[in-house]
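Student: okay, predicted coordinates and the sequence, questions at the end:
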Amino acid sequence: MPDDLPPERTPVFVDGCRIPFLRSGTGYVDLKSYDLGRMALKGLLVRTGLPPEEADRVVMGTVVQNVQTSNVAREAALGAGFPTSVPAFTVTMACISSNQALASAADLIRTGQAGAVVASGTESLSDIPVQFKKKIRKKLFEARKYSSPGEYVKLLRDLRPSDLVPEIPSISEYSTGETMGESADKLAAKFDVSREAQDEYALRSHEKAVEAREAGHLQDEIVPAASPPDFGPITEDNGVRPDTSLEKLSKLSPSFVKPYGTVTAGNASFLTDGASASLVTSEAKANELDLKPQAVVRDYTFVAQNPKEELLLGPAYAMPQIMSRAGLSFADIDVIELHEAFAGQVLAVLRALEDSTFRSEKLNGTAPSDELPMGKLNSWGGSLSLGHPFGATGVRLVTTAAHRLRAEDARFALVAACAAGGQGHAMLLERHEGAS
Amino acid sequence: MKNDYLELEYTGDDLAILWLDQKDRPVNTISSEALDAYDKAFDAIADSNARAVVIASRKEDSFVAGADVKALQTMEKPHETEQLSRKGHGVLRRVRRTDLPIVAAIHGPALGGGLELALAADYRIATDEDPTRMALPEVNLGLVPGGGGTQFLPRLVGLQQALPMLLTGKSTYPSKAERIGLVDVLTHRDGLLHAAKEAARELANGEIELDRGPKRVSERLLESNTVSRRLIYNRAESRVFNDTKGNYPAPFRILRCVRTGLEKGLEAGFEAEAEAFGELSATEESKQLVFLFFAKQEAEKNPFDDAKARDVRRMGVLGGGLMGAGIAQISAEDDMDVLLKDQDIERAADARETVWQNLTRDVEKGIHSHFERDVIAERVVPVADYAPFGSADLVIEAVPEDLDIKHGVLKELTEELPDDAIIASNTSALPITQIAEPLPRPERVLGMHYFSPVPSIPLMEVIRTDATSEEALATACEVGLRQGKTLIVVNDGPGFYTTRILALFMNEAMLLLEEGAKIDQVDEALEQFGFPMGPYELLDLVGLDTASKITDVLSKLFEERNVTTSAAADKLVEHDLLGQKTERGFYEYEPQEGKRPEKQDVNKSAYRFFGGSDRTRINAELIQQRLALTMVNEAVRCLEDGVLRSARDGDVGAVFGLGFPPFRGGPFRHVDTQDAATVVMRLERLKKAYGDRFEPAPTLREHADEDTAFYDESAPQAEQAAL
């Protein structure tokens, strides 16, 4: 993106927030993703003080859709009190869905289509859409034309009990049939990342999350949620394990490639429910509404690779691309927020960036001149410890990056994430001049 | 330790890794020298501190490709080959008996001796990736697996799982291999070494319990005692007899080796195996199969400069019948976009449906995933007119065998087709020169003759005219290779090579019927001779209408040769007895959902076109000679006429296109083994009894007079290949 955009066309990140991320099947088990999204949107309105009618668009990312609310952005926005006149649309791009929501927000502002956009994400893996098999769906569709009750006998014709067994969606690649855990295991082996290294990294994620929680950083991102019937407030993530240790992690058996694989339940992100929301406006609009932007959205990119070979390696392509466009090295970047789908995937991305073959054969001259400094990476925890509600993680990453810029009094933040389908994303933020 | 075959590496103080890495070869092969090297490596390991051993390959995407067939060919048989087998047993016995646990880490093909090496290990880990497969293909070379395969495999996976692998030589792919216990664990390529090392340590620590033998309870029960095992042997034997008509000795010997080993012990089994390996290697059948193995390899290379070949990304197929659909399918399977045009879009869409159905069957067999099927089927695009052909690199026409129709279609096509795009005809008989006649730029026209069913018959006959450019030829061959075809290149002429020799063969079969032969008896005699099916079953498959048109095209040739011809095919066509497509021909057929119709009884009413229902038994050997020698004699004439470039092409074409019995090596090899004088004598006899059509070809007489052969056995293979 050009640096010299006028204030009406310069996208700025005002603020973001999320409801607590909870392990699936726990606190949000009775809710739908629409409920989670609605709570996050409401939380954002409260936190930023944005008059809802000032929003020109609401964008929401999600992955596993509930068909009743297929445009979940619209339902959640109406539910959160946005006026009926604010258009809303849903985007989906696997684990980078809400990164795409943010990218769409930035584009709407850069093109002058909008002045204020809410970019958000929601996911409930406790409420997965279980389907009847196609055969039954077809029969039920035909049944809509039946006029007399007697005709319903046709429904039962050549029906076997096994036809009634529902189809449960699996977290596997449609094109290759491989589960994401298998891909991560493969990727870790390809870059020679040992089981020990993965367990150590997973432990680090939990330790950083515990530190951040104690320092109040996480509280800063979180807006409380509530679940019926008692509506008792939910104020904390429940995936962080302060009591975990290398010893405990090393005892777990591999979950995907058995028995000699290296990815376990302990060094993989867990199934999570959650939602997040953020406000992106033009610089001019922020001034007009007297909002205090935290960062300027400088640039972003999306990349895609062969899902069979490099399913989760996207950040190793996306980060160098965006850094070379901005002429930055890792030394110039202060804050790095990298999505942690699997410890093995994070470490494979880091190794790839240092691997001479990968640098020369895959990066087309964009290879960074220096190494990624671990000290700048995910210092408030990551998806391994905080959780990973697919559609909501992107906004969490950017919110954390913006907050860290402020907390660390820094200038540039780099956000990157991998996604199913072999896709990846990176975004560059610069701290806003006026940010306190 | 590092030598021409391997490198020995010690790791972590407790493990030895035996890296198989044959010098200057893309794959590892098993030879006498390689076995010596393995033996020495195990000496060294025995003297080391290693507690366990991993055997792995340094070759990319290949474990061990099997025995070095070239080396095998030069050995003195049966003694040297038997010795090789014994040597293999020695090394494997050692691998098996060493106190150190041994883990084989398999990625890529593990074939023949390579799989046997892995079978001798204590534990097998394989990758679940595309290149990995396991097979004991020795039977396809007329041999038994000579390195313990007949012994180790049944002990590992059980008799009922082992026998099909041993008797068909077919590959087992990773998921099935794990299911039947052929491998213990599957993992991904990059995790293979790690997994193998872990397993080796766990074995050394006694942490893994090994469970060998059949996996299923029903299999276990059936294989647990001698009586029910006998049942399995007998059943297998009768199936082998049924499949081979007793023409191939190897499967019977394999069964005997397995049986000896299981009933009399491992050592007796090894002994039987070594003996069988030596003896079989000296058989005529094995020599012919080995010849075909190399001849096929040669025929899977582009004989033209492949640098001149166009990179075909988009092609067109005209005609959506079974042939057109088959060509579209095998093209789409190698990434080519296929425009499919028929008289109307509905017919073209039918062809796409055929493709989809074929691919769905492959999904059921585990050859493709659903997603791969969708991607391949989506490359086949039915079109309503020629406009999209403006971007095609190659068009293959497969419209009805009528010169006017072909000319009409091709003229329309050339209005849209780029000037430099190549035009191929899949005609089975019409001379390409005639097809090219009204078209501009004849240098880009040639024949690409496929055989039905296209996806499964290996041969493609490329037909060149005097005008055909090298670019067109190189491109056609390249496309054929991408489609997985075995190639022969022939010169233009009526019926080219394959159809010409087949037409005389079928004419002879018709004459036999006119003389009162029985349909099923003739077919049976030819199956006995080694053809996959007899002439009438084949005629029903090809279609009597097609056969009749072929006869028309070749009529001039028949006249010149003074061949008595049968006009019965036309009569059958008049009465709509076309064969499978009308469910009645020489046989009755039962239609099958989505598949070819199933053959039922002989259609006795067909006899009325051949002199009535009074039938006589004709001596089977006479039937075989009349039909087979008709084909052989005409093949020799094709070589004389310059239609064929070489005897080798003639043999490859007849075996892989027409099903000429592989154990006879092809028409030319058949003459050489029978010796030309005998063949000439038989032809003379037939000529006297049945007429001039049996006049021996001049070259046959020459070879008979001079006591020479088509193949000079003393010349090295490569030179023959370059004939």
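Tutor: Right, received. Where do you want to start?

Student: sketch out the helices for the stretch 151-300 of chain B, chain order is fine.
Tutor: Assigned by DSSP state H, counting those that start in this stretch, the stretch 151-300 of chain B shows helices spanning B:159-168, B:174-180, B:192-204, B:217-223, B:226-244, B:250-264, B:266-281, B:284-298.

Student: can you work out which other helices and strands pack against the last one?
Tutor: When contacts are defined as 3 or more C-beta pairs under 8 Å, 6 or more residues apart in numbering or on different chains; DSSP states H and E, helix B:284-298 sits against helix B:69-74, helix B:647-658, helix B:667-674, helix B:717-721. In this view, the C-beta of every residue, glycine as well, is placed from N, C-alpha and C.

Student: for that helix, buried residues please.
Tutor: By neighbour count on 16 or more other C-beta atoms under 10 Å in any protein chain shown, the buried set for helix B:284-298 is B:285, B:286, B:287, B:288, B:289, B:290, B:291, B:292, B:294, B:295, B:298.

Student: if we can go back for a sec, I'd like the helices of the stretch 151-300 of chain B as CSV, with mean pLDDT appended.
Tutor: Formatted as CSV, these follow (pLDDT from 0 to 100):
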stretch, mean pLDDT
helix B:159-168, 97
helix B:174-180, 95
helix B:192-204, 97
helix B:217-223, 90
helix B:226-244, 95
helix B:250-264, 97
helix B:266-281, 97
helix B:284-298, 96
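
Student: for residue A:150, which of the helices and strands packed on helix B:284-298 is the nearest?
Tutor: Residue A:150 lies closest to helix B:647-658 among the helices and strands packed on helix B:284-298, at 60.2 Å (C-beta to C-beta).

Student: just the buried positions in the longest strand seen in chain B, please.
Tutor: When chain B is parsed with DSSP state E, its longest strand is strand B:595-602. Buried residues in strand B:595-602, counting neighbours by 16+ other C-beta under 10 Å, are found at B:597, B:599, B:602.

Student: now do residue B:400: how many residues are near it, please.
Tutor: 14 (other C-beta atoms under 10 Å in any protein chain shown).

Student: if I look at the residue nearest to it when sequence neighbours are not counted, how far off is chain A?
Tutor: Among residues not flanking residue B:400 along the chain, residue B:319 sits closest, at 7.5 Å (C-beta to C-beta, 6 or more residues apart in numbering or on different chains). Noted for residue B:319: a distance of 32 Å to chain A, by C-beta to the nearest C-beta, to the nearest Å.

Student: any idea what residue A:89 is bridged to?
Tutor: Taking DSSP bridges as the rule, residue A:89 bridges to residue A:59.

Student: do I have it right that it meets residue A:57?
Tutor: Yes - with contact defined as C-beta atoms under 8 Å, residue A:89 reaches residue A:57; the gap is 7.4 Å.

Student: okay, these two: which has more neighbours?
Tutor: More crowded of residue A:89 and residue A:57, by other C-beta under 10 Å: residue A:57, with 23 against 15.

Student: hmm, residue A:108 and the more buried one touching each other?
Tutor: Yes - between residue A:57 and residue A:108 there is a contact under C-beta under 8 Å: 6.0 Å.

Student: show me whatever sits in contact with both of the two.
Tutor: Contact with both residue A:57 and residue A:108 is made by residues A:114, A:117, according to C-beta atoms under 8 Å, 6 or more residues apart in numbering or on different chains.

Student: follow-up on the earlier one: so which of the helices of the stretch 151-300 of chain B comes closest to residue B:140?
Tutor: That would be helix B:284-298 among those, by C-beta to C-beta, at 6.5 Å.

Student: got the angle between the helix or strand just after the longest strand of chain B and helix B:647-658?
Tutor: Sequence order places helix B:620-641 as the next helix or strand after strand B:595-602, per DSSP states H and E. Orientation check (axes from the mean of the first three to the mean of the last three C-alpha atoms, to 10 degrees): helix B:620-641 against helix B:647-658 gives 130 degrees.

Student: what packs against helix B:620-641?
Tutor: Right, helix B:620-641 is packed against helix B:498-514, helix B:519-529, helix B:647-658, helix B:667-674, helix B:676-690, helix B:698-706 by 3+ C-beta pairs under 8 Å, 6+ apart.

Student: name the stretch among the helices and strands packed on helix B:284-298 that sits most buried.
Tutor: Among the helices and strands packed on helix B:284-298, helix B:647-658 has the highest mean neighbour count (mean count of other C-beta atoms under 10 Å in any protein chain shown), at a mean of 26.

Student: ok, residue B:440 - how many residues close by?
Tutor: 10.

Student: whoops, I mixed them up, residue A:88
Tutor: Neighbours of residue A:88 using other C-beta under 10 Å come to 21.

Student: now the closest residue to chain A within the stretch 451-600 of chain B: how far from residue B:357?
Tutor: Relative to chain A, the nearest point of the stretch 451-600 of chain B is residue B:593 (16.1 Å; C-beta to the nearest C-beta). From residue B:593 across to residue B:357, the span is 10 Å (C-beta to C-beta, to the nearest Å).

Student: okay, those two: which has more neighbours?
Tutor: Comparing residue B:593 with residue B:357 by other C-beta under 10 Å, the one with more neighbours is residue B:357, at 16 against 5.

Student: and for the residue in the stretch 201-350 of chain B positioned nearest to chain A, the neighbour number?
Tutor: For the stretch 201-350 of chain B, the residue closest to chain A is residue B:202, as judged by C-beta to the nearest C-beta, at 9.0 Å. By other C-beta under 10 Å, the residues close to residue B:202 number 17.

Student: and it, what is it in contact with?
Tutor: With C-beta under 8 Å, 6+ apart, residue B:202 has these contacts: residue B:208.

Student: how near is it to residue A:86?
Tutor: To residue A:86, residue B:202 is 61 Å away according to C-beta to C-beta.

Student: repeat that for residue B:460.
Tutor: For residue B:460, the distance to residue A:86 (C-beta to C-beta) stands at 64 Å.

Student: neighbour count: those two, which is higher?
Tutor: A direct count of neighbours by other C-beta under 10 Å for residue B:460 and residue A:86 places residue B:460 higher, at 30 against 18.

Student: so that one sits in a helix?
Tutor: No - under DSSP: H, G, I helix; E, B strand; the rest coil, residue B:460 falls outside any helix and is assigned strand.

Student: the closest residue to it other than its chain neighbours: neighbour count?
Tutor: Of all residues not flanking residue B:460 in the chain, residue B:485 sits nearest, at 3.9 Å (C-beta to C-beta, 6+ apart). Using other C-beta under 10 Å, residue B:485 has 24 neighbouring residues.

Student: nearest to the spatial middle of chain A, which residue is it?
Tutor: For chain A, residue A:393 is the residue whose C-alpha lies nearest the centre (C-alpha atoms, centre = their mean; 2.3 Å).

Student: I'd like the average pLDDT over the helix or strand harbouring that one.
Tutor: Per DSSP H and E, residue A:393 falls inside helix A:393-407. For helix A:393-407, the mean pLDDT works out to 98.

Student: over to stretch A:14-28?
Tutor: For stretch A:14-28, the per-residue pLDDT averages 97.

Student: so what's the gap between it and the chain middle?
Tutor: 12 Å (C-alpha atoms, centre = their mean, to the nearest Å).

Student: ok, stretch B:511-524 next?
Tutor: The answer for stretch B:511-524 is 29 Å, by C-alpha atoms, centre = their mean.

Student: then stretch B:171-186?
Tutor: Per C-alpha atoms, centre = their mean, the centroid offset for stretch B:171-186 relative to its chain is 24 Å.

Student: if I pick residue 270, what's in contact with it?
Tutor: By default, I'm working from chain A. So, once contact is read as C-beta under 8 Å, 6+ apart, residue A:270 ends up touching A:23, A:24, A:239, A:387, A:388.

Student: chain B was what I was after
Tutor: So residue B:270 contacts B:86, B:89, B:93, B:148, B:151, B:261 (C-beta under 8 Å, 6+ apart).
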